[in-house]
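**Student:** What follows is a protein structure lacking sequence information:
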């Protein structure tokens, strides 16, 4: 499916702001969970807003937290995954650094047909 290219919207300097993504790499799943190597530090640009009550209600019950944000950007963000899922190897969810706080990615929507992720 092809559609409108929304990169110009999510990268608009009037609305988009830089943020940092910490992405797990070179780790393995083993007894006790995930053992991570040094996370990669990635510089992203996107539109970040507070999550609405409706968006928070859509999250799995165990992932609901008081402060949540919504990010629209033109590069993918990842949730916890096992090897063989998608184009990236196994790892835990990306961590977003924004205004001095860390936010773990718990839900993503792939709108790559429109050149952005939510």
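**Tutor:** Sure, I can see it. Bear in mind the structure is a predicted one, so any value in this text is a computation, not a measurement. Numbering: from 1, shown residues only.
**Student:** which one in the chain is furthest away from the centre?
**Tutor:** residue 31 (26.0 Å; C-alpha atoms, centre = their mean).
**Student:** ok, now how distant is that one from residue 20?
**Tutor:** 31 Å (C-beta to C-beta, to the nearest Å). To be clear about C-beta, it is placed using only N, CA and C from the backbone, and glycine gets the same treatment.
**Student:** Thought residue 23 was touching residue 38, still the case?
**Tutor:** No - in terms of C-beta atoms under 8 Å, residue 38 does not count as a neighbour of residue 23; the distance is 10.6 Å.
**Student:** who's more crowded, the two?
**Tutor:** residue 23 (17 against 10; other C-beta atoms under 10 Å).
**Student:** returning to what we had before: retrieve the pLDDT associated with the residue farthest from the centre of the chain.
**Tutor:** On pLDDT, residue 31 comes in at 83.
**Student:** Could you tell me which residues make contact with it?
**Tutor:** Counting by C-beta atoms under 8 Å, 6 or more residues apart in numbering, residue 31 makes contact with nothing.
**Student:** tell me, which strand in the chain spans the most residues?
**Tutor:** Longest strand of the chain, by residue count under DSSP state E: strand 40-50.
**Student:** who touches the residue positioned nearest the centre of the chain in this structure?
**Tutor:** By C-alpha atoms, centre = their mean, the mean C-alpha position of the chain lies nearest to residue 77, the distance being 3.3 Å. Contact analysis of residue 77 by C-beta under 8 Å, 6+ apart lists 21, 71, 94, 96, 105, 108, 117.
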